[in-house]
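Undergrad: model the following, please.
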Amino acid sequence: MDASTQVRYGDIKKKSLTRFQEDDVLFAKITPCMENGKIAKACGLTSGRALGSTEFHVLRSRGAVLPEYLMHFLLQRHVRRAAEYHMTGAVGQRRVPRPYLAELEIPVPPLAEQHRIVAKLDEQLAYIEAGESSLTDAEARVADFVTSLLAGVTKPRSEMSGWKIKAIGEIAAVSSGATPLKGRSDYYDGGTVPWVTSSLLNAPFVDRAEKFITDRAVMETAVKEYPPGTLLLAMYGEGKTRGKCSELRIRATTNQACAGIQLAAAYECRRDWVKLVLEARYEEHRALASGGVQPNLSLGLVKKIQVPLPPLERQKELLEYVTQRRADASEMAKVIESVKVQASELRNALLHAAFTGALVPQDPDDEPASVLLDRISRQRAVNVKPTKRKRTSRVLSPAAPQTSGRPIPSGTQEALPL
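TA: Next comes the predicted model:
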């Protein structure tokens with residue numbers, strides 16, 4: 001966990017925050033962070049205390065369980081799946097309720113055995129994490145290979161005799177679609193005409209539409225129907241969408257975020273090549289975009305994109321070469337993904353063994369956990385001091401430490417003691 005960020009108390013004193021301290025376990029409660037295993041032990045905190053987001057639960061050991069042991073227990077797949085089942089709230093804002101964690105049962109072996117379990121888990125998980133890191137590097141290398149392959153094949157050189165350079169606007173008709181007025185239900189209700197948006201251009205082919213419009217919308221608005229074989233270039237869109245190129249395999253209309261590229265009859269034989277060039281120039285095209293919050297390409301820029309055209313026979317050879325090498329890269333990517341799945345299963349099996357008593361040997365000389373729990377209970381009973389009954393804000397944790405020195409915002413959440 002990165003605890004390096006420091007802020008002035010005055011900047012946050014009116015905010016609702018969660019307080020935690022050294023060795024607390026932080027459990028992300030909101031989707032999708034919880035499902036992704038965002039669980040960590042707080043360590044390296046300045047003065048041993050910190051404030052953070054309200055989107056995590058804080059679990060604090062009373063001494064019967066090691067924080068690392070608790071963290072690994074919560075990282076188990078079945079624990080997080082059960083937490084997902086108990087989530088409440090609207091889609092996209094669903095959260096794990098506090099009672100789920102409060103009522104969650106956890107196996108408590110002797111403290112000495114917990115130390116052995118944590119040590120073994122740290123040792124074995126280090127190997128798994130090293131392997132996963134290598135797999136991530138391998139994935140990046142495969143992606144870099146494909147990028148270099150496309151750039152190398154489509155880059156014209158002086159020795160490439162017979163090559164020509166043409167602008168998209170010279171070899172194709174370029175146009176864009178439109179969005180029918182949203183307030184006109186007769187443009188959408190019961191529509192059967194596919195209406196493609198730029199989000200679908202992340203795939204190499206468009207075989208379906210997620211939205212449809214009516215024939216009336218086609219007749220009365222600026223939308224245009226494109227035939228199969230039309231190349232679509234995303235002029236703007238969320239994330240990495242801008243600059244993506246795809247090919248229609250259905251007759252469809254598009255919105256204004258898509259540039260439709262219809263090659264002239266004399267250049268129909270160049271479709272696969274032009275698509276390859278547009279894919280290879282993805283980063284260059286993104287850099288051409290202009291604008292503020294959402295930079296975008298324009299039809300004018302699209303028409304000026306330069307396309308190197310090799311002789312047809314050479315084009316055929318290059319396309320076949322690229323197809324074969326991309327197939328090789330795809331196979332490598334499948335192998336990497338398969339090994340990543342195996343690594344995930346190995347991690348889950350390792351955690352399962354840890355919390356079913358199968359990972360490390362038991363030692364009969366260890367102090368039983370029941371004895372430790374009884375001692376902690378007696379100590380807590382002795383330490384409880386009678387207090388005057390008074391009206392106070394609700395405190396979520398009787399085990400939460402008393403604060404001293406710097407005041408804590410009144411809207412903070414407290415830790416869940418274990």
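Undergrad: any idea how many residues pack against Phe73?
TA: The burial count assigned to Phe73 is 19, neighbours taken as other Cβ atoms under 10 Å. (Each C-beta comes from the backbone N, C-alpha and C, glycine too.)
Undergrad: Glu105 versus that one, what's the distance?
TA: Distance from Phe73 to Glu105, counting by Cβ to Cβ, to the nearest Å: 10 Å.
Undergrad: next: Glu331.
TA: Glu331 is 45 Å from Glu105, where distance means Cβ to Cβ.
Undergrad: more neighbours, those two?
TA: Glu331 (11 against 5).
Undergrad: for the strand or helix carrying the more buried one, packing partners?
TA: For Glu331, the enclosing helix or strand under DSSP states H and E is helix 312-354. Contacts defined by 3 or more Cβ pairs under 8 Å, 6 or more residues apart in numbering; DSSP states H and E place helix 312-354 against helix 67-74, helix 111-154, helix 271-280.
Undergrad: could you dump those to a markdown table with distance to Gln362?
TA: Formatted as a markdown table, the helices and strands packed on helix 312-354 follow (distance: least, Cβ to Cβ, whole Å):
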| stretch | distance to Gln362 |
| --- | --- |
| helix 67-74 | 15 |
| helix 111-154 | 6 |
| helix 271-280 | 59 |
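Undergrad: include distance to Ala90 and mean pLDDT when you put these into CSV, please.
TA: Converted to CSV, the helices and strands packed on helix 312-354 look like this (distance: least, Cβ to Cβ, whole Å; pLDDT from 0 to 100):
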stretch, distance to Ala90, mean pLDDT
helix 67-74, 24, 96
helix 111-154, 33, 96
helix 271-280, 38, 96
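Undergrad: just the helices from this structure, written as ranges.
TA: Counting by DSSP state H, residue ranges of the helices within the chain are 9-12, 67-74, 77-85, 98-103, 111-154, 168-171, 215-220, 271-280, 282-288, 299-304, 312-354, 369-383.
Undergrad: closest one to Gly190 among those helices?
TA: Proximity to Gly190, assessed across these by Cβ to Cβ, is greatest for helix 215-220 (10.1 Å).
Undergrad: what sits up against the closest one?
TA: With Cβ atoms under 8 Å, 6 or more residues apart in numbering as the test, helix 215-220 has contacts from Pro180, Arg184, Asp186, Tyr187, Tyr188, Gly191, Thr192, Val193, Val223, Glu225, Thr253.
Undergrad: need the buried ones from these selected in PyMOL.
TA: When burial is assessed using 16 or more other Cβ atoms under 10 Å, the buried subset of the contacts of helix 215-220 is captured in PyMOL by this command:
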select buried, resi 180+187+188+191+193+223+253
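Undergrad: looking at the contacts of helix 215-220, which is nearest Cys245?
TA: Proximity of these to Cys245, judged by Cβ to Cβ, is greatest for Thr253, which lies at 18.1 Å.
Undergrad: check Pro409 and give its pLDDT.
TA: Pro409 is assigned 42 on the pLDDT scale.
Undergrad: ugh, wrong one, I meant Thr412
TA: At Thr412 the predicted local distance difference test score is 48.
Undergrad: cool, Val360 as well?
TA: In the prediction, the pLDDT value recorded for Val360 is 95.
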